[in-house]
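J.: Only the shape, not the letters, is given here:
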């Protein structure tokens, strides 16, 4: 067998790796991004340092294996660090879309991210706003742009009829109105019981 034939039959040194696909963009409104940033800042600058201080204080009190303050503090610290990593990734991937920004031409009356849509189904009339996955608030009608309902509404205009396919049935929706306006969002608030105040030494 010729040398060139031997070379072509040699196995590859390792599997050929496909290039990683593009990271999924995190479409979000300005208010939604601000809420993520406020929570990230609170955890990083207030709650985490306070919990670290509690853990250090509890560790100085003796046997850590039976020290409830120490064990709870370590577990809480892990939860905080996990949330900080999650928020960092979401903020880094954020693509901000202002619902109130003017849309050119027909885009102003078609459903895209940030639209507030009035539609009618067999039950009656409903109003939803299409927001980021970190901004979902079903009580206020804020739905994710990746939800089945948003997918059904996308690119539709007033007067269009669209189909919402659900596991049990297919619903028929009629678009009544499409509006682009500011979408109110609740600001980040410090959660009840948050360890945001460092323990006073000696207490």
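T.: Everything's here; your move. Note that the structure is a prediction, hence the values are computed from the model and not measured. Numbering: from 1, shown residues only.
J.: And the longest strand seen in the chain, what's buried?
T.: Longest strand of the chain, by residue count under DSSP state E: strand 170-179. Of the residues in strand 170-179, those buried by neighbour count under the rule 16 or more other CB atoms under 10 Å are 173, 175, 178. C-beta here means a position set from N, CA and C on the backbone, and glycine is covered the same way.
J.: Next: stretch 115-129.
T.: Buried residues in stretch 115-129 (16+ other CB under 10 Å): 115-117, 119, 128-129.
J.: go on, stretch 27-42?
T.: Quick answer for stretch 27-42 (16+ other CB under 10 Å): 27-33, 35-36, 39-40, 42.
J.: now do stretch 53-73
T.: By neighbour count on 16+ other CB under 10 Å, the buried set for stretch 53-73 is 53-55, 57-58, 67, 70, 73.
J.: now it: how far from the chain's centre is it?
T.: Between the mean C-alpha location of stretch 53-73 and the chain-wide mean there is a distance of 33 Å, by CA atoms, centre = their mean, to the nearest Å.
J.: In three-state terms, label the residue positioned nearest the centre of the chain for me.
T.: The centroid of the chain falls nearest to residue 134 when counting by CA atoms, centre = their mean (3.0 Å). The local conformation at residue 134, judged by DSSP: H, G, I helix; E, B strand; the rest coil, is coil.
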